[in-house]
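Enquirer: Need a 3D model of the sequence below.
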Amino acid sequence: MLLYEVASGQLPFHGQTSIETSAAILHQMPAALPAWIPSGLSAIIQRCLAKEPPQRYQLASEVQAALEAIQSASAVAAVATAPPAGPPTTVIRGIRHVGVKDGDVLLLVGTMKGAFLLRANARRAHWDVMGPCFHGNVVYSLVYDARRGRHRLWASTSTFWGTILRSSDDFGKTWTNPPQGNVKFPEDCGTSLKNIWQVTLGRKDELDTMYCGVEPAALSVSHDAGETWGLVRGLFDHSHRPRWVPGNGGLCLHTIVLDPVDKQRMYVAISSGGVYRTDDGGSTWQARNRGIRVVHLPDKYPDFGQCVHKIVLHPARPERISRRTIGDCTARKIAGTPGRAFRMACRAILDLR
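Expert: Below is the predicted model:
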């Protein structure tokens, strides 16, 4: 009720006596908030005043995180006679920012409680830490885009209001704050975006191409540096989709791997769909699960399926790929160590030729 009064200048419930006021709190809806209060702030206040306790925030920190997510007090808006183009900008305040110079090493860390940036010089003897950006929000994927001379960070952030893709051109001091989801499903798909699990940049000569792997399992692509996004229908409409069985974590596209030689070829890893490859730029997709064993099913080597989370190309032989599935944490990429050492580290090798 205090937040309601601070925002609107009035009380949410009224009565002639304290008994009438208490009855109104228990049984009546709060008075409508003024129209000039931002919709995001209004939704937070309404949730705080929900009649059923499970529907309200359980901790004050949750309210804080929700308020920081909308950042209404820190929105930067230029004075203009016409509606501004592009998304508003959120200024990250109250944390120490890192200064990044040419030759520095930048480490991006996404967590369940926000994003962190770590900077060091080439010797990596000391790391400066910035964060958390988006305090209290889940950050599933971070990527740095240096194409066309950009210094752009991309972050997929999951909030109470949904998942959005944000960007920063000043190493995290300010971030775009789209008023609505910029990566989303077309209306005819009959589904909605839950999370963005993977953000992948196009090849070095595809200067404005980006991909997002999302939940429920699908692939989105942008050819204008993230301004607009479209669904890759060849994968979404695949005949196997009705038989993809979500695991405990959901039906998620976790990994996108671009073939460094063949520009029409890419791989995706889906939990619980398996590994798929396209050889025609995404129009058609084929299951490529050779080498994946499912110990708990009658068919130990199914054509598709299984919780494949991460796949990487062999550093010297891009026709070979390694994968990690649920319960198998030994398969991983060891940069610069092709041959026997790499094979020993990977429990399963998929021959994708």
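Enquirer: The chain: helices as residue ranges?
Expert: Taking DSSP state H to define them, one finds helices in the chain at 2-8, 18-27, 39-48, 60-70, 233-236, 340-345.
Enquirer: do you know which of the ones you listed lies nearest residue 184?
Expert: Ranking these by proximity to residue 184 (C-beta to C-beta) places helix 233-236 first, at 12.7 Å. (Each C-beta comes from the backbone N, C-alpha and C, glycine too.)
Enquirer: Any chance of the helices of the chain in TSV with mean neighbour count, distance to residue 139 and mean pLDDT as columns?
Expert: Compiled in TSV, those are given as follows (neighbours: other C-beta atoms under 10 Å; distance: least, C-beta to C-beta, whole Å; pLDDT from 0 to 100):
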stretch	mean neighbour count	distance to residue 139	mean pLDDT
helix 2-8	14	26	78
helix 18-27	12	37	80
helix 39-48	17	19	79
helix 60-70	17	12	74
helix 233-236	18	25	96
helix 340-345	13	28	32
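Enquirer: Which one, of those, ends up nearest to residue 137?
Expert: helix 60-70 (6.1 Å).
Enquirer: chain center to the closest one: distance?
Expert: 19 Å (C-alpha atoms, centre = their mean, to the nearest Å).
Enquirer: tell me what that helix is packed against?
Expert: When contacts are defined as 3 or more C-beta pairs under 8 Å, 6 or more residues apart in numbering; DSSP states H and E, helix 60-70 sits against helix 39-48.
Enquirer: gap between residue 304 and residue 244?
Expert: For residue 304, the distance to residue 244 equals 8 Å [C-beta to C-beta, to the nearest Å].
Enquirer: repeat for residue 44
Expert: According to C-beta to C-beta, residue 44 stands 36 Å off from residue 244.
Enquirer: re earlier: spell out which residues are contacts of both of residue 304 and residue 244.
Expert: residue 273 (C-beta atoms under 8 Å, 6 or more residues apart in numbering).
Enquirer: in the protein, what spans have low per-residue confidence?
Expert: Scanning the chain for pLDDT under 70 picks out 68-87, 297, 322-353.
Enquirer: any idea where the strands of the stretch 1-150 of the chain begin and end?
Expert: Assigned by DSSP state E, counting those that start in this stretch, the strands in the stretch 1-150 of the chain fall at 75-76, 89-91, 105-111, 114-120, 128-133, 138-145.
Enquirer: Nearest to residue 18, out of those?
Expert: The nearest among the strands of the stretch 1-150 of the chain, by C-beta to C-beta, is strand 75-76 at 39.1 Å.
Enquirer: Pull the contacting residues for residue 139.
Expert: 110-111, 114-115, 133, 155-158.
Enquirer: Sorry, wrong one. I was asking about residue 186.
Expert: residue 231.
Enquirer: Can you name the residues that contact residue 54?
Expert: Contacts of residue 54 (C-beta under 8 Å, 6+ apart): none.
Enquirer: For residue 66, see how far away it is.
Expert: When distance is defined by C-beta to C-beta, residue 54 is 16 Å away from residue 66.
Enquirer: Likewise for residue 98?
Expert: For residue 98, the distance to residue 66 (C-beta to C-beta) stands at 27 Å.
Enquirer: cool, and residue 26?
Expert: Look at residue 26 and residue 66: by C-beta to C-beta, they are 24 Å apart.
Enquirer: now swap in residue 236 and tell me
Expert: Where residue 66 is concerned, residue 236 sits at a distance of 31 Å (C-beta to C-beta).
Enquirer: Equivalent analysis for residue 244, please.
Expert: For residue 244 relative to residue 66 (C-beta to C-beta), the value is 33 Å.
Enquirer: what's the answer for residue 193, then?
Expert: Residue 193 is 19 Å from residue 66, where distance means C-beta to C-beta.
Enquirer: Could you point out the bridge partners of residue 200 in the sheet?
Expert: When bridges are assigned using DSSP bridges, the partners listed for residue 200 are residue 211.
Enquirer: Please look at it and residue 253 and confirm they touch.
Expert: No: here residue 200 does not reach residue 253: they are 10.5 Å apart, not a contact under C-beta atoms under 8 Å.
Enquirer: Neighbour count for those two, which is higher?
Expert: Shown here are residue 200 and residue 253; by other C-beta atoms under 10 Å, residue 253 has more neighbours (26 against 20).
Enquirer: Find the nearest non-adjacent residue to the more buried one, please.
Expert: residue 213 (3.5 Å; C-beta to C-beta, 6 or more residues apart in numbering).
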